[in-house]
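Asker: From the sequence below, what's the structure:
(chains A and B)
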Amino acid sequence: MTQLSQEQEEDEKGKDGQITTRVLPGFMELLPAEQIVFDGIKAVIEAVYEKYGFVALDTPVIERAEVLLAKAGGETEKQIYQFTKGDNDLALRFDLTVPLARYVSEHANDLVFPFRRCHIGKVYRGEKPQKGRYREFYQCDIDIIGDGSLSLMNDAEIPSVINEVFSKLDFGPFVIKISNRKLITGLLDSLEAGNQSVGIIQTIDKLEKVGENEVRGLLVALGVPNPAIREIFQFIGINGTPQEMLMALRNLCVDNDIFRQGVSELDEVVCAMQALGVPEDRYVIDLTIARGLDYYTGTVYETVLRDYPGLGSICSGGRYDNLAEKYTDRKLPGVGISIGLTRLFSQLKEIGLIKTSVATPTKVLVVPLVEDMSMPLEIAKRIREAGISTEVYFEDTKMKNKLTYANKKGIPFVVLVGEDEIKSGLFAVKNMETGEQVMLAKEAIAAHINEAMK
RNA sequence: GUGCCCAUAGUUCAGUGGUAGAAUGUCUGUUUGUGGUACAGAAGGUCGAGGGUUCGAUCCCCUCUGGGCACCCCA
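Answerer: Just a heads-up that it's a prediction; the model follows:
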């Protein structure tokens, strides 16, 4: 796609020779009213992250291609946007975790461990766009990175953060699914199916989507022997409260150290979650979540909205043993999650859970009805000095259009500045919602509006 | 990469082998310093591009382009 042919170039242009203005597929852009809601959600997420002590960092969108490709393979590698500029092989970041690995490796000597940071930023994937899949999208990540080791308590704190984020966002009831990857790894080891574990885990991950029979068939196709399949289904069939499930896992008598370690880790994490006050109806142990990504090694999380299970996981993550093995000899274990904000927003919008109201931060529109702008400007300055977002409608048009402007953008107050007002020193302050209008001296306007907005 | 759908006004969509309509949005008026409601009116389309069949194609056929969806994988 380096050169457009003459024909294609003409196709790109409209009938007036103008360049087509359609946004690229897979890229989301919003109208003002939507953007305000989007930014509000982003702000809630970031505020909760910071409340747990995560510092908000940013890294470049572009990295050296070798950095981003170091860990990638297969699908991931194909989806990385890559390009050259001069002699440099560059790429757009595919997620926020790989740049984190580079960042931590580079600055390891200057960081304080355990290192916790949050990162809300855009990432890029060159794949075919479809429902809920974007080429450019926001991820909202938190990660805690330890130097050499990292307490399991961090694994318990993550669900507490998730709980608080989605409680505050108020998209309805949700449930955090939690498991530990050592369970399935250990089980498969004990069944001597360890060499196929990646395929088996990915298959189990599909359980909810395709159903039990299909999964059984896929496992058979993978060449898993029947007794092993029976054990696997016995394992993932365990259900109940976290306590019941932990009991059942112990009773499974899987003779494998990794498995036993998984059970005790999960136990410890669940206990700590209780101490952190994560409500019992907000989380559940789900042995079928395994997270396809193979770099998770311990605790794993997925979060779903109870009323909209079809959206899939809206927040996923887990524990990984070594973040940056490709970049440093230091062992850096970590735990983290990511919220796919762009997907979440677009899907919530589709099911009508996103309610837009205003299309501007403006609270007051100063409407001059005279030619001399000095009084309108002075009034706007006074209101702004009180910290209230204010604009002045400068265009020479009819009164009706000026009020319509305020109306359409959802500006709640209008101050009319006409000859009568200037003469009397009392200005009409109109509440656009109620239609009420009061006459006030210019010094009193800001205080009145602040009072009315409470 | 594989498969399936779709393409008509700014938007969402009807529709017919004789070159098009609704809703909504936009603008104007009823209302020359008072918006939201109502009523009236206007603007807005080479019916995605190219070719074929036909007296005639927006409609039927082919190709291309663009878009959507599913698989794969993932947020």
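
Asker: ok, now which ones touch residue A:48?
Answerer: Listed by Cβ atoms under 8 Å, 6 or more residues apart in numbering, the contact set of residue A:48 reads A:161, A:164, A:165, A:168. Every residue, glycine included, has its C-beta placed from N, CA and C.

Asker: Go again with 6 Å.
Answerer: A:164, A:165 (Cβ atoms under 6 Å, 6 or more residues apart in numbering).

Asker: where's it, which helix or strand?
Answerer: In this assignment (DSSP states H and E), residue A:48 forms part of helix A:32-51.

Asker: Show me which residues of the stretch 1-150 of chain A are close to RNA strand B?
Answerer: Proximity of the stretch 1-150 of chain A to RNA strand B (Cβ under 7 Å from any atom of the strand) is limited to residues A:11, A:15, A:24-26, A:75-76, A:95, A:125, A:127-135, A:137, A:139.

Asker: Can you select the buried ones among the residues you listed for me in ChimeraX?
Answerer: Only the buried members of these enter the following ChimeraX selection, criterion being 16 or more other Cβ atoms under 10 Å:
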select /A:26,76,95,125,129,134,135,137,139
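
Asker: In what element of secondary structure is the closest residue in space to residue A:438 that isn't next to it in sequence found?
Answerer: The shortest distance from residue A:438 to any non-neighbouring residue, by Cβ to Cβ, 6 or more residues apart in numbering, is to residue A:429 (5.4 Å). Using DSSP H and E, residue A:429 maps to strand A:426-431.

Asker: Can you give me the buried ones in that strand?
Answerer: By 16+ other Cβ under 10 Å, the buried positions in strand A:426-431 come out as A:427, A:428, A:429, A:430, A:431.

Asker: wait, isn't the second one in contact with residue A:437?
Answerer: When you say that, I think you mean residue A:428. Yes - the criterion here is Cβ atoms under 6 Å, and residue A:428 meets it with residue A:437 at 5.4 Å.

Asker: I'd like to know how many residues surround residue A:94.
Answerer: 22 (other Cβ atoms under 10 Å).

Asker: Can you pull out the low-pLDDT segments for chain A?
Answerer: Along chain A, segments meeting pLDDT under 70 span A:1-19, A:73, A:292-293.

Asker: Please, where are all the strands along the stretch 301-450 of chain A?
Answerer: Ranges of strands within the stretch 301-450 of chain A are A:315-320, A:334-340, A:364-368, A:390-392, A:413-417, A:426-431, A:437-441, based on DSSP state E, counting those that start in this stretch.

Asker: now the strand holding residue A:429, how far from the centre of its chain.
Answerer: 42 Å (Cα atoms, centre = their mean, to the nearest Å).

Asker: what do you get for stretch A:410-419?
Answerer: The answer for stretch A:410-419 is 38 Å, by Cα atoms, centre = their mean.

Asker: Then stretch A:290-305?
Answerer: 16 Å.

Asker: got the contact list for it?
Answerer: By Cβ under 6 Å, 6+ apart, the residues outside stretch A:290-305 that reach it are A:155, A:162, A:171-172, A:174, A:176-181, A:184, A:198, A:201-202, A:204-205, A:269, A:289, A:311, A:313-321.

Asker: do you know how far the closest residue to residue A:143 other than its chain neighbours is from RNA strand B?
Answerer: Spatially, and ignoring its direct neighbours in sequence, residue A:143 is nearest to residue A:336 (3.3 Å; Cβ to Cβ, 6+ apart). Note on residue A:336: its distance to RNA strand B, by Cβ to the nearest atom of the strand, to the nearest Å, is 10 Å.

Asker: just checking, residue A:336 touches residue A:319?
Answerer: No - with contact defined as Cβ under 6 Å, residue A:336 does not reach residue A:319; the gap is 8.5 Å.

Asker: what residues does the stretch 251-400 of chain A put near RNA strand B?
Answerer: Residues of the stretch 251-400 of chain A lying near RNA strand B (Cβ under 7 Å from any atom of the strand): A:291-293, A:312-316, A:338, A:340, A:342-343, A:369, A:398-400.

Asker: give me that answer again for 10 Å
Answerer: Residues of the stretch 251-400 of chain A lying close to RNA strand B (Cβ under 10 Å from any atom of the strand) are A:290-296, A:302-303, A:310-318, A:337-347, A:350, A:367, A:369-370, A:397-400.

Asker: Just the buried residues from those residues, in PyMOL please.
Answerer: Buried residues among those (16+ other Cβ under 10 Å), as a PyMOL selection:
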select buried, chain A and resi 290+291+293+296+302+303+311+312+313+314+315+316+317+318+337+338+339+340+341+342+343+344+345+346+347+367
